[in-house]
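**Q** Sequence and predicted structure are below.
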Protein chains: 2
Amino acid sequence: MELTIERATKLQTKPNWSDLTFGTTFTDHMFVMDYEVGKGWYDARIMPYQDLPLSPAAVVLHYGQTVFEGLKAYKDDAEEIFLFRPDENMKRMNDSCERLCMPTFDGQFVIEAMKQLIEIEQDWVPEVDGMALYIRPVMYATEAHLGVSPSKQYRFIILLSPVGSYYAEGINPVKIAVESQFVRAVKGGTGAAKTAGNYAAALKAQEVAEKEGYSQVLWLDGREQKYIEEVGAMNVFFKIDGKIVTPELNGSILPGITRKSVLQLLRHWEMDVEERRLSIDELLEAAKNGTLEEAFGTGTAAVISPIGELFYKGEKTVINNNEIGPVAKKIYDTITGIQSGDVEDPFGWRVQVI
Amino acid sequence: MELTIERATKLQTKPNWSDLTFGTTFTDHMFVMDYEVGKGWYDARIMPYQDLPLSPAAVVLHYGQTVFEGLKAYKDDAEEIFLFRPDENMKRMNDSCERLCMPTFDGQFVIEAMKQLIEIEQDWVPEVDGMALYIRPVMYATEAHLGVSPSKQYRFIILLSPVGSYYAEGINPVKIAVESQFVRAVKGGTGAAKTAGNYAAALKAQEVAEKEGYSQVLWLDGREQKYIEEVGAMNVFFKIDGKIVTPELNGSILPGITRKSVLQLLRHWEMDVEERRLSIDELLEAAKNGTLEEAFGTGTAAVISPIGELFYKGEKTVINNNEIGPVAKKIYDTITGIQSGDVEDPFGWRVQVI
Ligand SMILES: Cc1ncc(COP(=O)(O)O)c(C=O)c1O
Ligand SMILES: Cc1ncc(COP(=O)(O)O)c(C=O)c1O
């Protein structure tokens, strides 16, 4: 497929990098392509960032047929720009499409389009350490049809948004509330797909947790509300008695790309790693008997987010004196080092844009 | 709040009522109003039906913050137009809003706006028996913000779509596949809200069932996949050994307005009614020992949809010789009679539009 480019006639003045709040500033251009059953993907284009017309009867507005991704581009000291494992995001997005009865697409073509878009917007990639250009691919159902069946038309968009450093003031562990009433996802549902409904379902618990002073929610499984799943927009790892434990991919957890990278690193370092069911009771028992050494979330936004406190059924559990632990620190330094080009990349995770 | 009206300058030619397919034809006008945190609802208007501009970063496209409703307007022999229990739809929509962290609204104001819209579009209400004007209120999050938190802006729309008779060829019982792999909703999730993610999650199972010749899916609970919940876009009732049984509202089932009306009717008729947990095993056991007398779905689309066959784990169970049963028939005749004005309405369910 050909990719056409229409340049914006007027460019925005770039914001002050230090003033950025996540996901509210967008660059001057975006990538768009359309799909129709019987025709396939067509009209791939880079065009000025703008509102787009949508039918008020579009399937996405009523029945939530939409999937998205999130990754980042980093500028290194030589002003070169790199992506981190974009092929993994394309693969996951195609998997999400399958679950939501949406058309799949050629991931390699989209990565090439993404690169061209970033090249045009290269001045939007902050050169400041810790900052990056956030990339948001999204595909949604556009057919005007109120019947509950897969849409016959879709739109694929890539938005770019410069994002500030997650840890401008140093890595501060987060306080997390373990959720025992609301459920994010269940076996047989859409939890393993990056789709809108999972996030809509999570808002209420998040709201309640924030009111109580917790920054995010730790989800338990939807069947027994007993086994640990993930945190807000992060997968979760624990160091228990010298071993690193993370919930196995059971169909209701998002298969995080940071999670996958952390597991690869830990195994590369020949550390003891277990992907398995882990109950909240086992975890709190480990905390009580002193064998819970570290806890941290993993995700594209923060890479590693140490967990300093858990709140469950009225009880607080402080982990590692509310400080980042050595394993979390080592992973954080290594992955962010690879992303920024300061640390060697033995896995071929970096993909050059320019 | 004031309601402004902008008339379409060019009207469509009305379609042939007998050619209508559900949810693809829309009338010339729609209702729109907007919301912003700190400002509340504003700019209520009736305007020509058209595509609307939406930011590609709008919260609804990424995080699925959206709720909807579905009800119908019926024209009787005197050319008067009536709604069926619109207050119930407004109440349920406000409940859905609460679950999705969306703003609530004045249901009475929206009903008045709906009436004005229908009055303008009165020629779009088919006067043919069994046909109606389908009314689709929908509210979705419009803020351009990629952070996972409630949107600060929303849009409320009412669309109108004339719909054909569900039973143009007589009431034919449907074949239903009992779903044992996929899950629609779980306790603690969003199943009791009329929100997009529930429908997106259901598409895959529906696709599989259709391939196997079944028109819809009977959902089991998300925890044990053992207890009956509902069918596609219908609640479900069974007559077992003289008693009418329907799953209780347990937090993961949509509280259907037809369900509620059917229960009121049955109690009015002093029939034995039970709202309780009902396992698929108990149901199939009843079928085997001959006490399963009837099965039917209830919903706005078809009112009553008799179930003639269930398919579960490779086994087919035929119910009431694949014919509509006397209870289903009596309910169908009574409710459609009340809706069309042919039967007395002792409950005050009809609300006059013009
Ligand atoms: C629900 C959820 N879990 C986990 C993650 C972490 O995934 P990744 O490491 O690919 O960013 C994310 C965020 O992207 C998420 O939204
Ligand atoms: C999931 C679901 N269950 C049940 C129903 C039936 O509800 P009502 O009787 O209010 O139309 C619907 C349809 O509206 C639905 O979408």
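**A** Okay, I see it. For clarity, every value in this text was computed on a predicted model and none was experimentally measured. Numbering: from 1, shown residues only, chains lettered A, B, ... in the order given. Ligands and ions are numbered 1, 2, ... in the order given.

**Q** Any stretches of the stretch 51-200 of chain A with poor pLDDT?
**A** Judged by pLDDT under 70, the stretch 51-200 of chain A has no weakly predicted residues.

**Q** which residue does it bring closest to chain B?
**A** residue A:197 (1.9 Å; C-beta to the nearest C-beta). For glycine as for every other residue, the C-beta is placed from the backbone atoms N, C-alpha and C.

**Q** I'd assumed residue A:185 was in contact with residue A:198.
**A** Yes: assessed by C-beta atoms under 8 Å, residue A:198 is found in contact with residue A:185 at 5.8 Å.

**Q** Would you mind measuring from residue A:111 to residue B:61?
**A** Here residue A:111 is placed at a distance of 22 Å from residue B:61 (C-beta to C-beta, to the nearest Å).

**Q** quick one, which of these two is more surrounded?
**A** Between residue A:111 and residue B:61, residue B:61 has the larger neighbour count (other C-beta atoms under 10 Å in any protein chain shown), namely 31 against 18.

**Q** Surely the more buried one forms part of a helix?
**A** Yes: looking at residue B:61 with DSSP: H, G, I helix; E, B strand; the rest coil, it is inside a helix.

**Q** Find the residue closest to it in space, skipping its chain neighbours.
**A** Once flanking residues are discounted, residue B:61 sits nearest to residue A:140: 5.2 Å by C-beta to C-beta, 6 or more residues apart in numbering or on different chains.

**Q** residues bridging contact with residue A:198 and residue A:185, i.e. touching both?
**A** residue A:191 (C-beta atoms under 8 Å, 6 or more residues apart in numbering or on different chains).

**Q** what about the residue lying closest to residue A:18 once chain neighbours are set aside, neighbour count?
**A** Excluding its sequence neighbours, the residue lying closest to residue A:18 (C-beta to C-beta, 6+ apart) is residue A:164, at 6.9 Å. Applying other C-beta under 10 Å, we find 20 residues neighbouring residue A:164.

**Q** My understanding was that residue A:164 contacts residue A:23; is that so?
**A** No: if you go by C-beta under 8 Å, residue A:164 and residue A:23 don't touch, sitting 10.9 Å apart.

**Q** circling back: the nearest residue to the residue of the stretch 51-200 of chain A closest to chain B once chain neighbours are set aside: what's it in contact with?
**A** Spatial nearest neighbour of residue A:197, excluding adjacent residues (C-beta to C-beta, 6+ apart): residue B:197 at 1.9 Å. For residue B:197, the contact set (C-beta under 8 Å, 6+ apart) comprises A:64, A:190, A:195-198, A:200-201, B:64, B:190.

**Q** For those, which two are the farthest from each other?
**A** Spanning the widest gap among these are A:195 and B:190, at 12.9 Å by C-beta to C-beta.

**Q** Please identify which of these two sits among more neighbours.
**A** residue B:190 (31 against 28).

**Q** In chain A, mark out all the helices, start to finish.
**A** Remark: helices assigned in chain A by DSSP state H are A:59-63, A:86-99, A:107-120, A:196-211, A:257-268, A:280-288, A:326-340.

**Q** so residue A:43 makes contact with residue A:34?
**A** Yes: when contacts are counted by C-beta under 8 Å, residue A:43 is listed as touching residue A:34 (5.1 Å).

**Q** how close does the residue lying closest to residue A:1 once chain neighbours are set aside sit to residue A:2?
**A** In this structure, residue A:1 finds its nearest non-sequential neighbour in residue A:44, 5.1 Å apart by C-beta to C-beta, 6+ apart. Using C-beta to C-beta, residue A:44 is found at 7 Å from residue A:2.

**Q** Between the two, which is the more surrounded one?
**A** The neighbour comparison of residue A:44 against residue A:2 (other C-beta under 10 Å) goes to residue A:44, with 18 against 7.

**Q** residue of chain A with the smallest distance to ligand 2?
**A** Shortest chain A-to-ligand 2 distance, computed as C-beta to the nearest ligand atom: residue-wise this is residue A:148, at 7.7 Å.

**Q** Hmm, residue A:64 and that residue touching each other?
**A** No: in this structure, residue A:148 is not within contact of residue A:64 by C-beta under 8 Å, at 10.6 Å.

**Q** what sits in contact with each of these two?
**A** Listed contacts common to residue A:148 and residue A:64 are residue B:199; contacts here mean C-beta under 8 Å, 6+ apart.

**Q** If you count surrounding residues, which of those two has more?
**A** Each of residue A:148 and residue A:64 has its neighbours counted (other C-beta under 10 Å); residue A:64 has more, 30 against 21.

**Q** contacting residues for residue A:76?
**A** Contacts of residue A:76 (C-beta under 8 Å, 6+ apart): A:82, A:340-342.

**Q** Name the member of those with the most neighbours.
**A** Among the contacts of residue A:76, residue A:82 has the most neighbours (other C-beta under 10 Å), with 22 neighbours.

**Q** Name whatever forms a beta bridge with the closest residue to that residue other than its chain neighbours.
**A** Residue nearest to residue A:82 in three dimensions, not counting chain neighbours: residue A:350, with 4.5 Å by C-beta to C-beta, 6+ apart. Taking DSSP bridges as the rule, residue A:350 bridges to residue A:84.

**Q** Would you confirm that residue A:350 contacts residue A:339?
**A** Yes: counting by C-beta under 8 Å, residue A:350 does reach residue A:339; the two are 7.4 Å apart.

**Q** Can you name the residues of chain A that neighbour ligand 1?
**A** Contact residues (C-beta under 6 Å from any ligand atom) of chain A with ligand 1: A:70, A:230, A:233-235, A:254, A:256-259, A:298-300.

**Q** tell me the two of these that are most distant?
**A** Using C-beta to C-beta, the two most remote members of the residues of chain A next to ligand 1 are A:70 and A:230, lying 14.7 Å apart.
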